[in-house]
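Asks: Kindly generate the corresponding structure for this input.
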Amino acid sequence: MKQLLKKLLPPAALTLYHRGLALVAAIVYGFPSHKMIVIGVTGTNGKSTVVNLVAKILESAGHRVGLTSTVNFKIAEREWLNDQKMTMLGRFKLQALLRQMVRAKCRYAIVETTSEGIKQYRHWGIAYDVAVFTNLTPEHIESHGSFEKYKQAKGKLFAALDHSAKADVPKVSIVNLDDPAANYFLSFPAEKQIGYTFQNASAPAGVRVVHGHGISDTPQGVDFTLDGQPVHLHLLGRFNAFNALAALCVGFSQNIDPAIMIRTLGQITNVPGRMQLIDEGQPFTVIVDYAHEPAGLEQVYLAIKSFHPRKIIGLLGSQGGGRDRRKRPLLGELAGRYTDYTIVTNEDPYDDDPLEIIEEVVAGIKKYPDKLEGQHYFKILDREEAIQKALALAAPNDVVVLTGKGSEQNMVIHGGKKVPWNDEAAVRVLLRAHWKK
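Replies: Got it, this is the predicted structure:
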């Protein structure tokens with residue numbers, strides 16, 4: 001019925017429908033966001049990690065925190081993985097979650113805020129106080145119509161700061177100055193604006209600039225300095241230095257002691273499904289990551305290359321359901337460039353033919369004539385069999401990287417049916433069958 005309405009209603013009526021639902025949901029649950037400080041995080045990559053790093057920092061400073069992200073949900077002490085296959089929940093579920101945070105006496109709510117959610121006005125009725133922009137690369141272009149419209153959708157989070165109902169809470173925008181879209185996101189009014197940079201980028205007058213220096217990327221984590229203070233992360237990948245700097249800026253905006261923040265970041269060992277190390281005693285490295293679009297996947301591969309492994313074995317697929325079909329060969333091309341062995345498999349086909357998706361990914365690998373099917377790349381529909389093949393190819397000092405699913409708890413197939421699936425659980429079972437700690 002919902003899909004039929006979307007097809008029949010003109011755009012203006014559909015907008016009223018989405019806005020109306022958002023307003024009703026906020027009214028039903030008593031506008032819970034008015035009773036907390038709300039931090040919204042948007043961008044193409046890094047959102048879930050930033051949300052979780054910010055939560056840890058705020059908790060270390062003594063605050064009760066709730067969050068909603070692609071990875072997980074949290075209400076004070078209670079935390080669980082996101083099994084909804086949605087980053088931003090539907091309006092009623094999202095407002096209900098915010099209401100539970102208020103009842104649990106949370107001072108802060110951190111909401112991963114997506115362009116798709118904004119497009120459907122799921123952010124309406126949420127009084128944001130802090131908006132964070134991580135980065136912008138092409139994604140969801142088929143849904144939004146163009147890269148410019150995709151950017152503008154994310155900009156609506158920053159525009160929402162001007163309409164927040166809490167006059168006593170300063171509105172803050174936090175922007176990655178090293179991203180080409182930085183000035184666009186800084187163009188929205190806010191009482192405080194903070195920019196962060198590792199490339200010594202400049203910012204408009206009135207913007208506080210936070211400089212990070214000297215990113216060092218190792219198999220043990222990432223190091224950089226902030227105002228001469230060393231910051232160590234156990235998280236893998238130099239991109240996590242940017243995520244950490246964004247989280248630090250949120251802490252600065254809330255007047256949290258830098259020493260507490262730096263100590264807290266050094267104690268975080270992983271974010272589920274984000275460059276997550278899987279150790280079951282095997283003589284090679286296994287990593288699970290959510291990367292499902294070209295820019296994110298390349299960053300993962302570059303991080304792994306910096307570890308100087310013997311070989312890289314990559315497992316990937318691509319989504320169906322009208323989700324950026326143009327990216328499929330681009331993902332394959334990246335796998336062909338950076339991995340020694342590639343296994344292309346099923347991810348979330350929805351109503352698309354999964355074999356057709358695999359062939360479109362493989363088309364990118366075929367741009368490298370020296371990559372031969374059956375020797376350098378393999379097409380295996382069943383994801384468990386694909387993981388098994390990846391592990392079978394691995395030798396000591398290799399890296400096996402499983403991308404596309406991260407911490408997701410299911411796979412969506414024909415008719416929108418959700419089949420239970422989790423990469424971490426699957427690979428642990430297979431590893432335990434052969435190696436034990």
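Asks: Of all the residues in the lengthiest strand in the chain, which ones are buried?
Replies: Determined from DSSP state E, the single longest strand within the chain is strand 208-218. Along strand 208-218, these residues count as buried under the neighbour rule (16 or more other C-beta atoms under 10 Å): 210-212, 215, 217. All C-beta atoms are positioned from the backbone trio N, CA, C, and that covers glycine.
Asks: Columns distance to Phe307 on top of these, output as TSV?
Replies: Compiled in TSV, the buried residues of strand 208-218 are given as follows (distance: C-beta to C-beta, whole Å):
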residue	distance to Phe307
Val210	28
His211	27
Gly212	21
Ile215	15
Asp217	8
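Asks: Which of those residues sits closest to Ser33?
Replies: Nearest to Ser33 out of these is Val210 (C-beta to C-beta; 26.5 Å).
Asks: out of everything not next to it in sequence, what's closest to the closest one?
Replies: Spatial nearest neighbour of Val210, chain neighbours left out: Tyr196 (4.6 Å); criterion: C-beta to C-beta, 6 or more residues apart in numbering.
Asks: Verify the stated contact: the one you found with Leu245.
Replies: Yes: the pair Tyr196 / Leu245 is scored as a contact, 4.6 Å apart, by C-beta atoms under 8 Å.
Asks: Counting neighbours, go ahead and name the busier of these two.
Replies: Tyr196 (28 against 25; other C-beta atoms under 10 Å).
Asks: got the CA coordinates for whatever helix or strand that one lives in in PDB?
Replies: In the assignment (DSSP states H and E), Tyr196 maps to strand 192-197. What follows is strand 192-197 as a C-alpha-only set of coordinates in PDB (Å, rounded to 0.1, in the frame of the first residue of the first chain):
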ATOM      1  CA  LYS A 192      29.400  28.400  16.900                       C
ATOM      2  CA  GLN A 193      31.200  26.900  13.900                       C
ATOM      3  CA  ILE A 194      34.200  24.500  14.200                       C
ATOM      4  CA  GLY A 195      36.300  23.200  11.300                       C
ATOM      5  CA  TYR A 196      38.700  20.300  11.600                       C
ATOM      6  CA  THR A 197      41.700  19.600   9.300                       C
END
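Asks: For the longest strand of the chain, enumerate the helices and strands it packs against.
Replies: The contact analysis (3 or more C-beta pairs under 8 Å, 6 or more residues apart in numbering; DSSP states H and E) places strand 208-218 against strand 192-197, strand 221-226, helix 239-253.
Asks: For it, give the mean pLDDT please.
Replies: In this model, strand 208-218 has a mean pLDDT of 95.
Asks: Find out how far that strand is from the centre of the chain, if you would.
Replies: Chain-centre distance of strand 208-218: 21 Å, with C-alpha atoms, centre = their mean, to the nearest Å.
Asks: on that earlier part again, return every residue with contacts to both of Tyr196 and Leu245.
Replies: With C-beta atoms under 8 Å, 6 or more residues apart in numbering applied, the overlap between the contact sets of Tyr196 and Leu245 consists of 210, 212.
Asks: same for the strand holding Tyr196, what does it pack against?
Replies: With contacts taken as 3+ C-beta pairs under 8 Å, 6+ apart, strand 192-197 sits against strand 172-176, helix 182-186, strand 208-218, helix 239-253.
Asks: Can you list the strands that the third one pairs with?
Replies: What that stands for is strand 208-218. strand 192-197 (parallel), strand 221-226 (antiparallel) (DSSP bridges).
Asks: Residues in contact with that strand: which ones?
Replies: Strand 208-218 has contacts (C-beta under 8 Å, 6+ apart) with 177, 192-198, 200-203, 222-227, 231, 236-238, 241-242, 245, 248-249, 252, 303, 306-307.
Asks: Just want the angle from it to helix 239-253.
Replies: Interaxial angle, strand 208-218 versus helix 239-253 (axes from the mean of the first three to the mean of the last three C-alpha atoms, to 10 degrees): 150 degrees.
Asks: Now do strand 208-218 and strand 172-176, the angle between them.
Replies: In terms of direction (the same axes, to 10 degrees), strand 208-218 departs from strand 172-176 by 40 degrees.
Asks: Only alpha carbons, please: show strand 208-218 as CSV.
Replies: Output of strand 208-218 as CSV, limited to C-alpha atoms (Å, rounded to 0.1, in the frame of the first residue of the first chain):
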residue,chain,number,x,y,z
ARG,A,208,37.3,27.9,15.0
VAL,A,209,39.8,25.6,13.3
VAL,A,210,41.1,22.4,15.0
HIS,A,211,44.3,21.1,13.5
GLY,A,212,45.4,17.5,13.6
HIS,A,213,48.9,16.6,12.5
GLY,A,214,51.0,13.6,11.5
ILE,A,215,48.7,10.7,10.9
SER,A,216,50.6,7.4,11.3
ASP,A,217,48.7,4.3,10.1
THR,A,218,49.9,0.9,11.4
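Asks: Now do the contacts for Asp129.
Replies: Taking C-beta under 8 Å, 6+ apart, we find Asp129 in contact with 37-39, 161, 164, 166, 169-172.
Asks: who touches the residue lying closest to Gly90 once chain neighbours are set aside in this structure?
Replies: Excluding the flanking residues, the one nearest Gly90 by C-beta to C-beta, 6+ apart is Arg122, at 7.0 Å. By C-beta under 8 Å, 6+ apart, the contact set of Arg122 is 18, 22, 88-91, 94.
Asks: ok, and for the helix ranked longest in the chain, which residues are buried?
Replies: Determined from DSSP state H, the single longest helix within the chain is helix 11-28. Across helix 11-28, burial judged by 16+ other C-beta under 10 Å covers 17-18, 21-22, 25-26.
Asks: contacts for the strand holding Tyr196?
Replies: With contacts defined as C-beta under 8 Å, 6+ apart, strand 192-197 is touched by 170-178, 182, 186, 201, 203, 206-212, 242, 245-246, 248-249, 252-253.
Asks: low-scoring stretches of this protein, by residue?
Replies: Within the chain, the segments meeting pLDDT under 70 span 1-14, 138-145, 164, 323, 436-437.
Asks: And Leu393, its phi and psi?
Replies: Geometry field for Leu393 lists phi and psi as phi -80, psi -20, criterion degrees, to the nearest 10.
Asks: Thought Ile312 was touching it, still the case?
Replies: No: applying C-beta under 8 Å as the test, Leu393 and Ile312 come out as separate, 10.5 Å apart.
Asks: The stretch 1-150 of the chain: helices as residue ranges?
Replies: 2-8, 11-28, 47-60, 91-103, 115-119, 141-144, 147-160 (DSSP state H, counting those that start in this stretch).
Asks: Ok, which of those helices comes nearest Asp257?
Replies: helix 47-60 (9.3 Å).
Asks: Run the chain-centre distance for the closest one.
Replies: On C-alpha atoms, centre = their mean, the centre of helix 47-60 falls 13 Å from the chain's centre.
Asks: Can you name every helix or strand that it contacts?
Replies: strand 37-42, strand 65-68, strand 72-75, strand 108-112, helix 239-253, helix 258-267.
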